[in-house]
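>>> here is my input, please return the structure:
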Amino acid sequence: MQSADIFVQDQIAGRISVCYTEERPVYDEGPFLKEERKLINTIADQFSFFILHQQLRQVFDEQIRSEDEL
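Next up, the predicted model:
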């Protein structure tokens, strides 16, 4: 199995894990290639950016609503 943590503002917000269900030959990192490690890290980074964007969007929308109510 290979995993990568999803960090949002220096806190773990989740984890992506990938595993094989059957035996595989040994490569760079167990049955995984170094390119697969890079890919899972990139996907985790993209999720981190997406979650942060959603959080910031929510704060922005709340600020706009608050200003409209005044």
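>>> ramachandran coordinates for Glu29?
phi -130, psi 80 (degrees, to the nearest 10).
>>> what sits against the residue most central in space within the chain?
Closest residue to the average C-alpha location of the chain: Ala44 at 2.8 Å, with C-alpha atoms, centre = their mean. By C-beta atoms under 8 Å, 6 or more residues apart in numbering, the residues touching Ala44 are 4-7, 15-16. Just so you know, the C-beta spots here come from the backbone N, C-alpha and C atoms, and that holds for glycine as well.
>>> find the nearest non-adjacent residue to it, please.
Leaving aside its sequence neighbours, Ala44 sits nearest to Ala4 (C-beta to C-beta, 6 or more residues apart in numbering; 3.8 Å).
>>> what's the answer for Arg24, then?
Arg24 sits nearest to Pro31 (C-beta to C-beta, 6+ apart), 3.4 Å away.
>>> now that neighbour: how far from Glu62?
46 Å (C-beta to C-beta, to the nearest Å).
>>> the two: who's more crowded?
Pro31 (16 against 10; other C-beta atoms under 10 Å).
>>> and that one, its phi and psi?
phi -80, psi 0.
>>> tell me the pLDDT at it?
Per-residue confidence (pLDDT) for Pro31: 92.
>>> now swap in the one 5 residues further on and tell me
For Glu36, the pLDDT comes out at 94.
>>> go on, Glu62?
93.
>>> would you mark the buried spots in the one helix or strand it maps to?
Counting by DSSP states H and E, the element that carries Glu62 is helix 34-69. Neighbour counts over helix 34-69 (16 or more other C-beta atoms under 10 Å) mark 36-37, 40, 44, 47-48, 51 as buried.
>>> list just the nearest of these to Asp68.
Nearest to Asp68 among the buried residues of helix 34-69 is Ile51, at 26.2 Å by C-beta to C-beta.
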